[in-house]
Structure formats: structure tokens, C-alpha cells
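S.K.: The following block contains a protein sequence and its predicted model.
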Amino acid sequence: MPTPEHVKSIFSGVLESSSAKNVARSLAVGALVGIGLRGMQSIATMVAWRLKLRDSETGEPAPGPPPLPFIGNVLSLRTGYYETLYKYVDKPASVFWVMSTPFVVLNDEEGLRRVLGGSNGLYAKPKYFGYRSKAVKNAVAVEQKTVEKESLEYKNDGDTSRVALENMVIDSLWTMKVAMNELLTLLAEASEEVAADKATSGTAVLSSVRTAIVKLNLDVLFDLTDSSIGPSKAEDISSMIGFAGMEFARRMVNPFKALVDIPGNVRYFGDVMGLISFGRRLCRVLDDTAEEREGLESAPEAEAVKSTAGLSWVHAWVGKVGKIGKLGKVVGLLMASTQTVPLTAVWMLHLVANDDGVRSQLREELHGISVRSACDLQYDDLGKLPLADAVVKETLRLYPPFPLIQREAQGADVLCGITIPAGTPVYVVPWLVHRNPKLWSDADSFKPRRFLENASHGDAPSDWAFLPFGRGVRMCAGSKLALTELKVLLVHAVLEYDIVSEGRAMGRGSRFPELGMIPEGIDMRVRKKTRGR
Ligand code: HEM
């Protein structure tokens, strides 16, 4: 067994020979020159962008925190994403830097209309910051081209899509009710543990909720039930979705993470591969049911297949997009449906737990339409609950789970008074728009009643101020399902459970949540009601 001294003597022997010393010196010099050149290139790129991104009238640099050479604004975005963006909320648009790449963030209606409204076609293309490798970029480009075409066709094909989505939601109401009961039971257990530990972390609460929603959405969308995936599998998938989703967002604002966080990278890579492999399985489910459907088209058994309405909606949405496109869309659908709803659910329950008045008004609203227990709830009742709608919307306003809607300028433009060269990433950050004090009164407070006066945009001047699901051609495809799930959960929570706050102060998370909107410092206690109360 060689001792450290042996190893040292071998290396010092090698380094003593002059040719080995020369090689080592050349390698070190080469590495330094490489780093220096990369640094200079990065600084030159930043200077070139900064010269172009200017106020179109005064020629002054566009508003935004001054970037440091090479790293841009990574330091502050990494530790306080929303806080950093919020400092410039009074500007119509501001510019931030991730290393030497800028991104323009929009804060006013004119910019939002121009970019998401899509009338000029300049901003139709999404920009995905996170993808660095050429192979992945190419795959994504192919997928995007098809997705854009398909989703345009799909969204214009209003009837098939809307009817299929509506059928899916109607068909899954019972499944949803069962799942929400299970979710609240898990939450009751988790909140007891949290209370017993005096811990204030919402992470445990969130993971229970996510597992329940993963099970529900796999059932609703792909007809995959617990017995076919197994309960622990749903937990695994839920944890992969939670971790990979969060890490993806973190790497987007802080690419250095990918360089330094070796254990994080290993887990991230493993989880992404796990999700891809599960996505392949979901693609096979889609292929099998599509074949079955074709075979049964005119047969009497067709009714049986039609009952899997979720699959027919997913087929319509995924469309015929080739292998890579299909896998991308299926994994995207899985992430989009199971990352967002649980986050909103936890924040919504937390907000309701802290508002006695809203809880009792919600119960009155339900009693007013003769819904006294969650079992009574019918699909048509969901359209008669304006306060429940308002609570869901107000939660989505305060804590929109989608951190950024990404687009890329296809050509040069003047946007909110800033000259924008072609290729500039332009982002809409729903949280920032929703907290803009120029658009919303008392923007940081939970006031669901603002949506009673105006269901589409509350007390904001127009519906461009309320964008939890985005807008335009790439707007969320599953908003109807998401809103129904959240409303069914709310009905269960207020009718079947005592859900209250313990009066603990929330951490900084309530004003400036972290990038992934994780509900840290959550304060609520959930208990099943005893009947007769
Ligand atoms: C509270 C829950 C949800 C929120 C806040 C949300 C929000 C969003 C946002 C902001 C986008 C991006 C829009 C853009 O880039 O312009 C999006 C895209 C998408 N969402 Fe959702 N979403 C939610 C739930 C769901 C659910 C339950 C599903 C599926 C059943 C879903 C499916 C999708 C899909 C497929 C896309 C991509 C659309 C496209 O590229 O054309 N989402 N969502």
C-alpha cells in the first residue's frame, strides 16, 4: 500500500525532470490564458450589449443594477431573485444580467401587450436560458418549431380542445374529490409533525401535497392509477419533480451553480434522467391508447375508451410531433401540472388559515348553494362560487408559481423606451407584475374581494396586470384543470377541515419568496372536523 510519502516522492521525482516541469508550466499558462480569453470575451460581449440596450430617447443605459464584469447580477439574483427585480418595479422595463447575457423584464401594460399579445410576431419564440449544450439546444429548437406550429393549430381548433379539456375536468371531479381528501389527510399528519417539532418549514408540507397532486394528475391525464404506478413511485416522481424543477430554475439565474455544486449536479442529472425515463413510459401509454382508440373508432365499445377523457385531451395537446417533440411535451406537461398546483395549494391554504373572515364567508357561500359537505359538490356548483374563485385568483396573484415567462426578440425593437437588439431575452415575471403598486392597490395584502368586483383583473386597470397563466399563443394549456383542482381543494378544506394559523410570524418568504416560491415559514394547522360541529 503506497503511503502519502511514496506518492509525494513519485510526483516530485517526475516534476524534477525538466521536460515534465515544462509541460506542467505550459499547461498552467495555457489554462490561465484560456480563462483570461474567456473572461475578456465575456466582458466584450457585455460591453457590446450594454452599448445597444439604451434609453431610445436619451441614450442613457437602460435601468437596472450595474452588472459586475463576467458575473453580471448573479450575486444578488441568486440570493434574492424577486427582491432584486422589485427594486426596479417603477420602471416600465429594466435590464438584469446573468453573466454576460442580459434579460429585459417588463413591468407595464404596453410592454406586456407587445410581447405576449404577439400581434407583431417579434416575440413568439420562447427563450430557454437553462439549456447550454448544443445537442440539447438543437433538440429543443426542433421541438419548439413543432410545438409552436402544433399549439397554434391546436389553440385555433377551439372546439376539440375546449370540449376535450372540459370533459376531462367533468370526468375527473370524483377522482379530484377523493384526492383532495387524501391530500388534506396527509397535510393534517404533516402539520402535526411540524407543530410537534416547532419547525416552521413548509418543505415537508409541500412534499406531501405534491405527492397527492402527482397521483391525481397521473390518474386524470394518463389514467395511471396508484396500483399501476405504486404509491412509493408517486413519491419518487414527486421528489424528482420538486428537486429537478427547483434546480432548473436556480441554474437559470445562477449558471455558476452548475460549476461548483457537484452533489447537486449529480442528483439533478439523476432526477432529470429519471423524469425522462418516466416520460418515455407515459409516451408508450399515449401510443397504446391512441391505437386502441383508432381500433375502436366505430365499434360499440368506443364508449368505454371515450370515458378516458384525460387521455383524449393529452392526445389533442401533444399532437403528432415526432419522438423527441412528444417526449419533451409529455415531460413538460408532467412538470407543468405537478410543480405549479401544489405550490399554489400550499400558499392558498396558508392564506386561508390566516383569515378567519374569509373562511367563514366561504362556508356561507357554499351553504348558500346547499353544499354542506364536500360530497355534495357537483360540477355545476363550481360556477356558482365567486368568493372561492376570488380566493384562488388572489393566491395566484400573490404567489404565482411560474417564476418567469420567457421570450426572445426575433428582431430589433424599441420596447418600453429601450432599444432592444435582435436576440435579446425578454421576460415577464408574473410575481413582479402582480406586486406592482402602480397596478394594484395594497399590492402585498391578501384581499380576495378585489376579484369580486372584477373577476378578470380585480382592482387592477386591465387584465394585462393578472398573468399567472401567461397570455397569448403559449398561454398555460391546463389552466382550467388547475383552477378546478384548487377550487375543489378549497371546498374540502373549509367544509371538512379546521384549518387555522398558529399566529407565528412568517419569515421573509411571505413578502419576497425565494425563486421557486417554496413556502418557507408556513404557518397553519390542519385537523379533520368532527361531524356535528
Ligand atoms: C396553478 C397552476 C398553473 C400555473 C400558474 C401555470 C402557469 C403556466 C404558465 C405561466 C405557462 C407558460 C406560458 C408562456 O410561456 O407563455 C404555462 C404553460 C403550460 N402549462 Fe401551466 N400552469 C399551471 C398548471 C398547469 C396544469 C395543471 C397543466 C396541465 C394539465 C398545465 C399545462 C401547461 C402546458 C402544457 C404549458 C405549455 C403551453 C405551451 O407551451 O403552449 N399547467 N403554465
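M.R.: Good, I have the coordinates. Numbers count the residues shown, from 1 in each chain.
S.K.: From now on I want contacts and neighbour counts done on CA atoms only, so please keep to that.
M.R.: Fine.
S.K.: residue boundaries of the helices in the stretch 151-300 of the chain?
M.R.: Taking DSSP state H, counting those that start in this stretch, the helices of the stretch 151-300 of the chain run over residues 158-171, 173-197, 203-222, 226-229, 231-253, 256-260, 262-296.
S.K.: I'd like the mean pLDDT over the shortest one, please.
M.R.: For helix 226-229, the mean per-residue pLDDT is 78.
S.K.: Can you pull the phi/psi pair for residue 95?
M.R.: phi -120, psi 130 (degrees, to the nearest 10).
S.K.: actually residue 61, sorry about that
M.R.: Given degrees, to the nearest 10, the pair of backbone angles that residue 61 has is phi -60, psi 150.
S.K.: quick one: what helix or strand has residue 492 in it?
M.R.: Assigned by DSSP states H and E, residue 492 belongs to helix 479-496.
S.K.: packing partners for the helix or strand just after that helix?
M.R.: Sequence order places strand 497-500 as the next helix or strand after helix 479-496, per DSSP H and E. Packed against strand 497-500 by the contact rule (3 or more C-alpha pairs under 8 Å, 6 or more residues apart in numbering; DSSP states H and E) you find helix 322-353, strand 525-528.
S.K.: which one of these is the most hemmed in?
M.R.: helix 322-353 (a mean of 21; mean count of other C-alpha atoms under 10 Å).
S.K.: now that helix against helix 231-253, angle please.
M.R.: Orientation check (axes from the mean of the first three to the mean of the last three C-alpha atoms, to 10 degrees): helix 322-353 against helix 231-253 gives 90 degrees.
S.K.: if we can go back for a sec, could the helices and strands packed on strand 497-500 go into TSV alongside mean pLDDT and distance to residue 97?
M.R.: Shown next, in TSV, are the helices and strands packed on strand 497-500 (pLDDT from 0 to 100; distance: least, C-alpha to C-alpha, whole Å):
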stretch	mean pLDDT	distance to residue 97
helix 322-353	89	26
strand 525-528	86	41
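S.K.: coming back round to it: lowest mean pLDDT across the helices of the stretch 151-300 of the chain, which one is that?
M.R.: helix 158-171 (a mean of 74).
S.K.: Report all helices and strands that that one contacts.
M.R.: helix 309-318, helix 479-496.
S.K.: The ligand is nearest to which of these?
M.R.: Among the helices and strands packed on helix 158-171, the nearest to the ligand by C-alpha to the nearest ligand atom is helix 479-496 (4.3 Å).
S.K.: Quick one: list the elements packing against that closest one.
M.R.: So helix 479-496, by 3+ C-alpha pairs under 8 Å, 6+ apart, packs with helix 158-171, helix 173-197, helix 322-353, helix 356-368, helix 386-398.
S.K.: Export these as CSV, with columns for distance to the ligand.
M.R.: Output for the helices and strands packed on helix 479-496, formatted as CSV (distance: least, C-alpha to the nearest ligand atom, whole Å):
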stretch, distance to the ligand
helix 158-171, 9
helix 173-197, 12
helix 322-353, 4
helix 356-368, 20
helix 386-398, 7
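S.K.: so which of those helices gets nearest residue 472?
M.R.: helix 158-171 (14.0 Å; C-alpha to C-alpha).
S.K.: The closest one to helix 173-197, inter-axis angle?
M.R.: 60 degrees.
S.K.: distance between helix 158-171 and the chain's centre?
M.R.: Relative to the centre of its chain, helix 158-171 is centred 23 Å away, using C-alpha atoms, centre = their mean, to the nearest Å.
S.K.: Grab the CA positions of it and hand them over as PDB.
M.R.: As requested, the backbone C-alpha atoms of helix 158-171 are provided in PDB (Å, rounded to 0.1, in the frame of the first residue of the first chain):
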ATOM      1  CA  GLY A 158     -61.100  25.800 -30.200                       C
ATOM      2  CA  ASP A 159     -63.800  23.200 -30.200                       C
ATOM      3  CA  THR A 160     -61.900  19.900 -30.000                       C
ATOM      4  CA  SER A 161     -59.500  21.300 -27.400                       C
ATOM      5  CA  ARG A 162     -62.100  23.100 -25.200                       C
ATOM      6  CA  VAL A 163     -64.500  20.300 -25.300                       C
ATOM      7  CA  ALA A 164     -61.900  17.700 -24.500                       C
ATOM      8  CA  LEU A 165     -60.500  19.700 -21.600                       C
ATOM      9  CA  GLU A 166     -64.000  20.400 -20.200                       C
ATOM     10  CA  ASN A 167     -64.800  16.600 -20.500                       C
ATOM     11  CA  MET A 168     -61.600  15.800 -18.700                       C
ATOM     12  CA  VAL A 169     -62.400  18.100 -15.900                       C
ATOM     13  CA  ILE A 170     -66.000  16.900 -15.600                       C
ATOM     14  CA  ASP A 171     -65.000  13.300 -15.700                       C
END
